[in-house]
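J.: Here's my sequence, what's the structure:
(chains A, B and C)
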Amino acid sequence: MKIASPAGWAVSSGRAVSWWLLGPGLFWMGLLFFVPLCLVVVISFAGRGTYGGIVWSFSLTNYLDLLHPLYARILGQSILLAAGTTLLCLIMGFPLAYYIARAAPGRQGIWLLLVMIPFWTNFLVRTYAWMFILRTEGLLNTVLLKLGLIATPIELLYSDTAVVIGLVYGYLPFMVLPLFVALERVDRTLVEAAWDLYATRWAVFWRIILPLARPGVMAGCLLVFIPSLGAFLTPDLLGGARSMMLGNLIQHEFLVARDWPLGAVISCVLMLFVVGMMGWSLRIAKPLSQREHES
Amino acid sequence: MKQAGGWLWRLSLANMLFLYGPIAVLILFSFNASRLSATWQGWSLHWYRALWANQALLYAAANSLWVATVSTLLALLLGVGLAVGLEGLPGRRQRQIEQALLLPLVIPEVMMGVSLLLFFVLVQMPLSLTTVIFGHSLFNVPVVMIIVRARLRKLDPRLLEVAADLGASYWDALWHVTIPLLKPAILGAALMAFTISLDDFIVTYFTAGPGATTLPLKVYSMIKSGMSPEINALSALFVIVSMGLIGLSLLLQRR
Amino acid sequence: MVEQSTSIDITSLVKRHGATLAVDHVSLTVQHGEFFSLLGPSGAGKTSVLRMIAGFETPDEGTIRIDGRSMEAVPPNRRPVNLVFQSYALFPHLTVAENVAFGPKMQGVPRGEIMSRVRVALDMVKLSSKEERLPAQLSGGEQQRVALARALVNRPAVLLLDEPLSALDQQLRQEMQVELKSIQERAGCTFVCVTHHQEEALTMSDRVAVMHQGRVLQIGSPQDLYESPTSAFVARFIGVSNELRGIVRRIDGDRAVVQSPDLPGEVQIVLPDHPTLKEGSAVTVLLRPERLRLSVVAQGLSGEQSLAASVDKVLYSGSDRRYMVRLGERVVWNVRVPNDESGRNGFVRGDAVYVCWQISDAVVLTE
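T.: Numbers count the residues shown, from 1 in each chain, chains lettered A, B, ... in the order given. Predicted coordinates:
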């Protein structure tokens, strides 16, 4: 509903005035968000100066550099770790989302709040918490040693495992929320009908609940995969020398190796992934939501 | 599905434990008297006192507060303008612009940080606290916009018509009717933006100049130089402050 | 200077919503100081007309003049018109006094004068004691009065009211009908009210315009509309009307004889003189329930017409009795008889009676 009121007086005062309100905000965001991103794309074609910096030229060599096995490995590893994180989040988050979806409406809000609150605390702090727990003299090892379950400390920190744990920890709420929204819409009588028709628990889940919750699953996976792919802090603090991900690579090229065009190229690759996934999800989401409307 | 009840509940509880456990552990051990972090040696406020004595830390904290305040005010100005101004556009345009403005919240922060760095270098703007403020505004503006718009949609459109009928111009109505009714949401948005700014690391990391250390940057360098219960204490403080502010923000938004 | 004497002058107003005509060439004039109502079922277009007068919608065609001035391209905040919304739309964050003070404040009236004007306005609606309350603390009736005061304080040339009494319960509504009328007389400005309650419109208004499907069907005083409706719709919408359809068989001087297919056999009804009646015209005869008389005698009194009928139902309602009498298979009429003498007119179900009426009381509509 238009609040800036219907035709009559909006015509004489609404449209022109809106730009006073919209203009600054749009200009600001355009200048500081969209323009820099375009710059990154432009720079990815430029050449590298001898002492860092940019030589303005146009070439595709930077993109070809990506084919180097080192970079390809990092790209592949990033995708793998992000995918693993997404899968784990899905497995862990699904029961939680399902539980909340079936809770009494009054309590759902509280549950969701509880799930979101950790997310709003400092990401750095949360990652540090895992360092504290996983390191060789950390809490986990101390407890396990004391309980006599292990003889020597487990090397958990500075590994791919730690990175995944950290990422899952960081983005689990992003999986739970969309899942909850989708599961909440699932008609419970359908589940009961399946029970009535002799379905096993597994069949009910696999054939009824999961398909109906598909839009939520897609949304959740997207919301976890994208930030995980571009993660920086988590692999930086929790990962080992071999756990480099795209985010770290970008930082490395920009601030350490000072090869900005290359850094820009990797950023563009990351951007392509992000945009690609969002576009793909939009295309899939439309027919799904259409089917929902029909049913 | 009564049979499923039992293990579903347990799984959910386990998940919640997973989410809150590490934070709880962190806070708990910030009171640990021992430097060897993982073994409990008794209660102590030693590490908190050490924090207080750390000059560099206090300086970083002051910077953080400054950056958060300014970027929040900036975001309020721009974000409220966007939220209210969007109402004047046709529905389709509104959604398009909204979605475009949500992008900063969705893309990986590394990309934003890097692109900002590039931008500032190319326009030859030296990195400083100001560039950090600019960077923070990029996600604070969308946050303010979303929160205020959510509230705006619930307002009775007749109120603005009445205001016009009674002689109010567009600006009068905005100032005397719309904004006062949006006050709780604006306050809530401000608190949210403030907290996000306090907590931010990655964008700050790329846009901070020398001497422009904020608290998260300081924590990062402390971590890189070695584990210490001081970090636990600092983290605990962070967590409590963040949660408190966010809790307050949500309460205001619900009004 | 003739134009100066009308408060509102609407000429050929048209408003389209997509392909449909919400307002179809509406023309009307409202005099200064009148209580004028737009009456009609929902969807009749009356609220659209009101909003166009207020300036919240622009007409596709036609003009609106207020006090002689054309309102074209004048935004709502500059029209000498104030609107009381159906939902009152009180500012929830302002007190009663602040709500009422809003208009003067927006128009730059000096502080001191605002306060005195507010007090006068609240006095007029009898709400002076609740100045400091917030809208949420008031009852529905009180909220409505605040809305009224908020509009009246601006001393508008015209006050528009959108279904002012629909949110009130029955009892309160009856009281407010009288109250509104007296407020209007005290304030001395023109009131234009939109409603779908015909009883309300008739009680409060000096004149009423009946609207249906975007058109104005008839404008007149409540009495005109009730006694001399010019269309079947108006007759049905206002009060109860009894109808009979037929064809004119022949014309005898100042009377016409009509045959109706709805009555058994060839019964003749005599109609009062009507300028455009010809042989073969299709007519509808309208009669109000209280103009009918029941009798056991076939021969009516002088000047009367009578028809045979049988009593279907008797409804007793305190001050009068309503008889549903059947004249033919598809024709059942409402007859209202006051309970002034016990024993008389005490018909019961199944009785054979004669319905009588003065010929001149019938309203004749030609198709």
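
J.: element containing residue 63, please.
T.: With no chain named, the answer covers chain A. Assigned by DSSP states H and E, residue A:63 belongs to helix A:61-65.

J.: my bad, the chain I had in mind was chain B
T.: Assigned by DSSP H and E, residue B:63 belongs to helix B:55-85.

J.: That helix near chain A anywhere?
T.: Yes: judged by C-beta under 8 Å from any C-beta of the partner chain, helix B:55-85 and chain A are in contact via B:77, B:78, B:79, B:81, B:82, B:84, B:85. The C-beta positions use only the backbone N, C-alpha and C, and glycine is treated the same way.

J.: in the helix holding residue A:63, what's buried?
T.: Neighbour counts over helix A:61-65 (16 or more other C-beta atoms under 10 Å in any protein chain shown) mark residue A:62 as buried.

J.: Past that helix, which element shows up next along the chain?
T.: Downstream of helix A:61-65 (by DSSP H and E), the next one is helix A:69-101.

J.: next structured bit after that following helix?
T.: Later in the chain than helix A:69-101, the nearest helix or strand by DSSP H and E is helix A:105-120.

J.: circling back: the very next helix or strand once past the helix holding residue B:63 versus helix B:55-85: what angle between them?
T.: The helix or strand immediately downstream of helix B:55-85 is helix B:91-106, counting by DSSP H and E. Interaxial angle of helix B:91-106 relative to helix B:55-85 (axes from the mean of the first three to the mean of the last three C-alpha atoms, to 10 degrees): 170 degrees.

J.: OK, contacts around residue B:120?
T.: B:126, B:127, B:131, B:207 (C-beta atoms under 8 Å, 6 or more residues apart in numbering or on different chains).

J.: 7 Å instead, please
T.: Applying C-beta atoms under 7 Å, 6 or more residues apart in numbering or on different chains to residue B:120 gives the contacts B:127, B:131, B:207.

J.: Among those, which one lies nearest to residue A:55?
T.: Each of those was scored against residue A:55 by C-beta to C-beta, and residue B:127 proved nearest at 22.1 Å.

J.: Ignoring the adjacent residues along the chain, who's closest to the closest one?
T.: Using C-beta to C-beta, 6 or more residues apart in numbering or on different chains and skipping residues adjacent in sequence, the residue nearest residue B:127 is residue B:209, 3.2 Å away.

J.: any idea of the pLDDT on that neighbour?
T.: In this model, residue B:209 is scored at 84, pLDDT.

J.: Tell me the secondary structure at it.
T.: Secondary structure, DSSP: H, G, I helix; E, B strand; the rest coil: residue B:209 is coil.

J.: okay but it is in contact with residue B:126, surely?
T.: Yes: between residue B:209 and residue B:126 there is a contact under C-beta atoms under 7 Å: 6.1 Å.

J.: for the stretch 151-300 of chain C, what spans make up the strands?
T.: Along the stretch 151-300 of chain C, the segments classed as strands by DSSP state E, counting those that start in this stretch run C:158-162, C:190-195, C:207-212, C:215-220, C:242-252, C:255-259, C:268-271, C:282-287, C:293-295.

J.: any idea how far chain A is from the residue nearest to residue B:127?
T.: 13 Å (C-beta to the nearest C-beta, to the nearest Å).

J.: before we move on, what about residue B:128?
T.: 15 Å.

J.: okay, now that residue: neighbour count?
T.: Summarising burial for residue B:128: neighbours were counted as other C-beta atoms under 10 Å in any protein chain shown, giving 16.

J.: Where does pLDDT dip in the chain?
T.: Using chain A here. A:1-17, A:49-54, A:195, A:285-295 (pLDDT under 70).

J.: could you do chain B instead?
T.: B:1-5, B:35-38, B:255.

J.: can you rerun that using 50?
T.: Under the criterion pLDDT under 50, the flagged ranges of chain B are B:1-3.

J.: Write out the residues of it neighbouring chain C.
T.: Contact residues, chain B versus chain C (C-beta under 7 Å from any C-beta of the partner chain): B:156, B:158-159, B:161-162, B:164-169, B:172, B:177, B:180-181.

J.: Now render the contacts of residue B:120 as JSON lines, adding distance to residue C:28 and neighbour count.
T.: Formatted as JSON lines, the contacts of residue B:120 follow (distance: C-beta to C-beta, whole Å; neighbours: other C-beta atoms under 10 Å in any protein chain shown):
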{"residue": "B:127", "distance to residue C:28": "71", "neighbour count": "19"}
{"residue": "B:131", "distance to residue C:28": "66", "neighbour count": "22"}
{"residue": "B:207", "distance to residue C:28": "67", "neighbour count": "27"}
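
J.: Tell me the residue of chain B that sits nearest chain A?
T.: residue B:108 (2.3 Å; C-beta to the nearest C-beta).

J.: my guess is that residue contacts residue A:225, does it?
T.: No: at 10.7 Å, residue B:108 does not count as touching residue A:225 under the criterion of C-beta under 7 Å.

J.: Can you mark which positions in stretch C:214-232 are buried?
T.: Judged by neighbour count (16+ other C-beta under 10 Å), stretch C:214-232 contains these buried residues: C:214, C:216, C:217, C:218, C:219, C:220, C:222, C:225, C:226, C:229, C:230, C:232.

J.: What lies in contact with it?
T.: Contacts of stretch C:214-232 (C-beta under 7 Å, 6+ apart): C:21-24, C:26, C:28, C:45, C:202, C:205-211, C:233-235, C:238-239, C:243, C:284, C:286, C:363, C:365.

J.: Quote the end-to-end distance of that stretch.
T.: Here the two ends of stretch C:214-232 are set 17 Å apart, with distance taken as C-alpha to C-alpha, to the nearest Å.

J.: tell me the angle of the longest helix belonging to chain A relative to helix B:91-106?
T.: Using DSSP state H to define each element, chain A has its longest helix at helix A:260-294. Relative orientation of helix A:260-294 versus helix B:91-106 (the same axes, to 10 degrees): 130 degrees.

J.: Ramachandran coordinates for residue C:110?
T.: Per-residue torsions, residue C:110: phi -60, psi 150 (degrees, to the nearest 10).

J.: Next, count neighbours for residue C:278.
T.: Other residues within reach of residue C:278, judged by other C-beta under 10 Å, total 9.

J.: check contacts around it.
T.: Counting by C-beta under 7 Å, 6+ apart, residue C:278 makes contact with residue C:248.

J.: Burial check on the residue lying closest to residue B:245 once chain neighbours are set aside, number of neighbours?
T.: Excluding the flanking residues, the one nearest residue B:245 by C-beta to C-beta, 6+ apart is residue B:195, at 4.5 Å. Number of residues near residue B:195 (other C-beta under 10 Å) recorded here: 24.

J.: that's a helix at residue B:195, yeah?
T.: Yes: counting by three-state DSSP, residue B:195 is found in a helix.

J.: what's the distance between it and chain C?
T.: According to C-beta to the nearest C-beta, residue B:195 and chain C sit 27 Å apart.

J.: my guess is that residue meets residue B:244, correct?
T.: No: applying C-beta under 7 Å as the test, residue B:195 and residue B:244 come out as separate, 9.0 Å apart.

J.: Give me the phi and psi angles of residue A:157.
T.: Per-residue torsions, residue A:157: phi -70, psi 160 (degrees, to the nearest 10).

J.: and it, what does it touch?
T.: By C-beta under 7 Å, 6+ apart, the neighbours of residue A:157 are A:131, A:134, A:135, A:136, A:238.

J.: Kindly recompute the last result at 8 Å.
T.: Neighbour list for residue A:157: A:131, A:134, A:135, A:136, A:138, A:238 [criterion: C-beta under 8 Å, 6+ apart].
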